[in-house]
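Engineer: Sequence first, then the predicted structure, then my questions.
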Amino acid sequence: ASARMGKWGQVVHVRGDHGSGKSLLLLHVMANYLLPKEWGGGAAPVLYIDVDMKLDILHFARILECLLLQREKERARESKGGTGRRVVAERETERLEVVTACLERLEVIRCANRTQWIAAIQTLPNLLVCRPQRISAIFLDCYSGMH
């Protein structure tokens, strides 16, 4: 499985009922941007704007680790023709290093209120220009509460 990165300037808007999994979908897409290319990701630095202060970084790290485990199993099935159920325990250190590298490519802006949201949006152009690594994608969850 390979992550397909969107084009610069492209906006994707996901709508749905409360509890339909929009935030979880966003986290999975963001994880695929962050994962290294050798793991089917984009190895791309991203910006996450946390509008309602609900990003749980430990939960997100578990999503990254689960994606890595899934891809390890897929690789084991492809290379051995087996079921991929036996994922070697010594790979745990490598998975932790990959998750850490992914989190280092993640920039988070937290906005507790509308004033902070406006300030974040106003400083966004400067942030994008001043970053040593070009931000490949901006993820924004729960925008409806800020307009």
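Structural biologist: That came through fine. This is a predicted model, so every value here is computed, not measured.

Engineer: for the protein, longest helix please?
Structural biologist: Determined from DSSP state H, the single longest helix within the chain is helix 57-80.

Engineer: For residue 140, see how far away the residue positioned nearest the centre of the chain is.
Structural biologist: By C-alpha atoms, centre = their mean, the mean C-alpha position of the chain lies nearest to residue 30, the distance being 2.4 Å. Computed as C-beta to C-beta, to the nearest Å, the residue 30 to residue 140 distance reads 11 Å. Every residue, glycine included, has its C-beta placed from N, CA and C.

Engineer: Quick check: neighbours shared by the two?
Structural biologist: residue 48 (C-beta atoms under 8 Å, 6 or more residues apart in numbering).

Engineer: which ones are touching residue 44?
Structural biologist: Shown in contact with residue 44 (C-beta under 8 Å, 6+ apart): 5, 33-34, 105, 136-137.

Engineer: Assumed it was part of a strand.
Structural biologist: No. Going by DSSP: H, G, I helix; E, B strand; the rest coil, the assignment for residue 44 is coil, not a strand.

Engineer: Doesn't residue 109 lie inside a helix?
Structural biologist: No. Secondary structure of residue 109 (three-state DSSP): strand, not part of a helix.

Engineer: Report pLDDT for it.
Structural biologist: Here, the pLDDT recorded for residue 109 equals 92.

Engineer: List buried residues within the contacts of residue 44.
Structural biologist: Among the contacts of residue 44, those buried by neighbour count (16 or more other C-beta atoms under 10 Å) are 33-34, 105, 136-137.

Engineer: Could you point out which of these is nearest to residue 14?
Structural biologist: residue 137 (13.7 Å; C-beta to C-beta).

Engineer: Phi first, then psi, for that closest one.
Structural biologist: Phi and psi for residue 137, reported as degrees, to the nearest 10, are phi -150, psi 150.

Engineer: hang on, it packs against residue 33?
Structural biologist: Yes. Proximity of residue 137 to residue 33 meets the contact threshold set by C-beta atoms under 8 Å, at 5.4 Å.

Engineer: Tell me the buried residues in stretch 48-58?
Structural biologist: Across stretch 48-58, burial judged by 16+ other C-beta under 10 Å covers 48-51, 55.

Engineer: ugh, wrong one, stretch 116-131
Structural biologist: 117, 120.
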